[in-house]
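**Q** any chance you can model this:
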Amino acid sequence: MDADLTAPTADHRRLSLWWDQLPGTIERRAPLDGGVDVDVAIVGGGFTGLWTAYYLSQADPGLRVVVLERETAGFGASGRNGGWCSALFAASADRLDRTCGAGAGASMYRAMVATVDEVERVCAAESIDCAFTRGGTVTLARTPVQLQRARHKVTAARSRGVDESDLRLLDADEACEMVRATSVLGGVYTPHCAALDPARLVRSLARLVERRGVVICEGTTVTAIRPGSVSTDRGTVTAPTVVRATEGYTAGLPGEERSVAPVYSLMLATEPLTEDEWEHIGLARRSTFNDLRHLIIYGQRTEDGRIAFGGRGAPYHFGSAVRPGYDRDPRIHEAVHRSLVELFPSLAGVRVTHRWGGPIGVHRDWFPSVGIDRAAGLAWADGFVGDGVATANLAGRTLRDLVLERPSHERDLPWVGHRSRRWEPEPLRFLGINAGLHLGANADRSEERSGRETWRSRLITRLTGG
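**A** This is a model prediction of the structure:
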């Protein structure tokens, strides 16, 4: 099963700005060719699957590892996301403490901070050029309620031992010096985030693990995962350990229809801006940025001087459906563009060159999880809620230690072995998730009108793991 490149895939450059800027011809590796016996079979060729393969091959070079990917490595969220390698974890520290015991939130935070360092270390050690720039994250407060939220965020962090060097409150002048958006009252800054090009990173990882002897079979559709085997349309892989690393595509697997809900996040990118235009915007250090509204927005200054900007709000599709047509929703993309121009009015006439999107994975309790069923030999990692660039690296190191039964600090982290309740059957799932999306938008509008936190705000915080 040597690595083999066949004809170019269908128009993968349309998947995102990042895919469009990949150098050279994008070609698909050979699919699985009949049955094969390996030590570890990994289902999913995104960040989670590839980081797991990387660390397994590093720990035991003789291990036979195969990665099975229906499309092309990095096809999903790994090649389409906002390019934030951050210490953000989807479940809040308060939620972690309530669920897993006092100190769990602080432990998870420290592990995520160290993970940003680890990704930077690997990129340097392996000569991966993915435009990794550690400018931190500026979270703006643009209403009095958001400013109150920023203050509470910093106060809560101090109670867990997070000091000024890790997270600090910004006044209006400090925040505007970093990001010259409208209506800025203050904000929060953390240095623990890097902007990067996710497609370059994930494609580099794929080539790297192949050089280490890992086999990647693309164009191979997994039809069933069972203890000891993976069935595909190209043959059966037998393995004592199977790792499911399918994130937003998990619901397409038999028996997993209610495990992880695919919720869409949509993005756009501007044409490269002039230096004069950047003077009006800031972001001189390529800090990633967002604000403290409920319906999440996120952005970065790209290496070639664009703004890549995204937001939530796209509808959940009945039956956890994932289809190419859902990647572009003119109504949602227009709303994302309005949010961008609201932040930076000088961009009103700037051309948008790319529009894209894709599904992210969400558990019923918005709590990411990694673990292994030792008896069945089935491992998993998923539910990153859009914060997967760094979290997938931590998942890969954790899965390495779980699979090889090696003691480690990562194995003791509070998300290991967490089991979320399954999502409701349809149509309740459809109604509930879309009601939550509408609630987030309504909570933001209500705060803008009233100038204070409302019951909608408190409810959405509870529903999303606050």
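
**Q** from now on I want contacts and neighbour counts done on CA atoms only, so please keep to that.
**A** Noted.

**Q** show me the beta-bridge partners of Pro359.
**A** Bridge pairing for Pro359 (DSSP bridges) gives the partners Tyr264.

**Q** contact partners for it?
**A** Gly76, Ala77, Gly248, Tyr249, Pro262, Val263, Tyr264, Ser265, Val322 (C-alpha atoms under 8 Å, 6 or more residues apart in numbering).

**Q** out of those, grab the one that's most surrounded.
**A** Ser265 (29 neighbours; other C-alpha atoms under 10 Å).

**Q** picking that back up, the contacts of Pro359: which two are farthest apart?
**A** Spanning the widest gap among these are Tyr249 and Ser265, at 13.9 Å by C-alpha to C-alpha.

**Q** just give me the closest of the contacts of Pro359 to Arg13.
**A** Using C-alpha to C-alpha, the contacts of Pro359 come closest to Arg13 at Gly76, 12.7 Å.

**Q** contacts only, for the closest one.
**A** For Gly76, the contact set (C-alpha under 8 Å, 6+ apart) comprises Gly46, Gly358, Pro359.

**Q** next: Ala73.
**A** Going by C-alpha under 8 Å, 6+ apart, Ala73 touches Gly45, Gly46, Val202, Arg203, Ala206, Glu218.

**Q** kindly indicate whether the first one is helix, strand or coil.
**A** With DSSP: H, G, I helix; E, B strand; the rest coil as the basis, Gly45 sits in coil.

**Q** give me the domain ranges for this protein.
**A** 5-81+198-261+365-412, 426-466 (automatic domain parsing).

**Q** out of those, deepest packed?
**A** domain 5-81+198-261+365-412 (a mean of 21; mean count of other C-alpha atoms under 10 Å).

**Q** how far is it from where the chain is centred?
**A** 14 Å (C-alpha atoms, centre = their mean, to the nearest Å).

**Q** please apply the same query to stretch 287-295.
**A** On the basis of C-alpha atoms, centre = their mean, stretch 287-295 sits 15 Å off its chain's mean C-alpha point.

**Q** contact partners of that stretch?
**A** The contact list for stretch 287-295 (C-alpha under 8 Å, 6+ apart) reads 84, 134-142, 146, 149-150, 178-179, 187, 193-195, 296-301, 311-313, 437, 440-441, 443-444, 457, 460.

**Q** rerun that using 6 Å as the cut-off
**A** 135-141, 146, 297-300, 440-441 (C-alpha atoms under 6 Å, 6 or more residues apart in numbering).

**Q** one step back: where among the domains of the chain is average confidence lowest?
**A** Sorting those by mean pLDDT places domain 426-466 lowest, at a mean of 80.

**Q** name the element the closest residue to Ala87 other than its chain neighbours belongs to?
**A** Closest residue to Ala87 apart from its sequence neighbours, by C-alpha to C-alpha, 6 or more residues apart in numbering: Met112 at 4.6 Å. Element membership for Met112, per DSSP states H and E: helix 104-125.

**Q** name the strands paired with the very next helix or strand once past that helix and say parallel or antiparallel.
**A** Counting by DSSP H and E, the element after helix 104-125 in chain order, helix or strand, is strand 137-141. With DSSP bridges as the test, strand 137-141 is paired with strand 186-190 (antiparallel), strand 288-291 (parallel).
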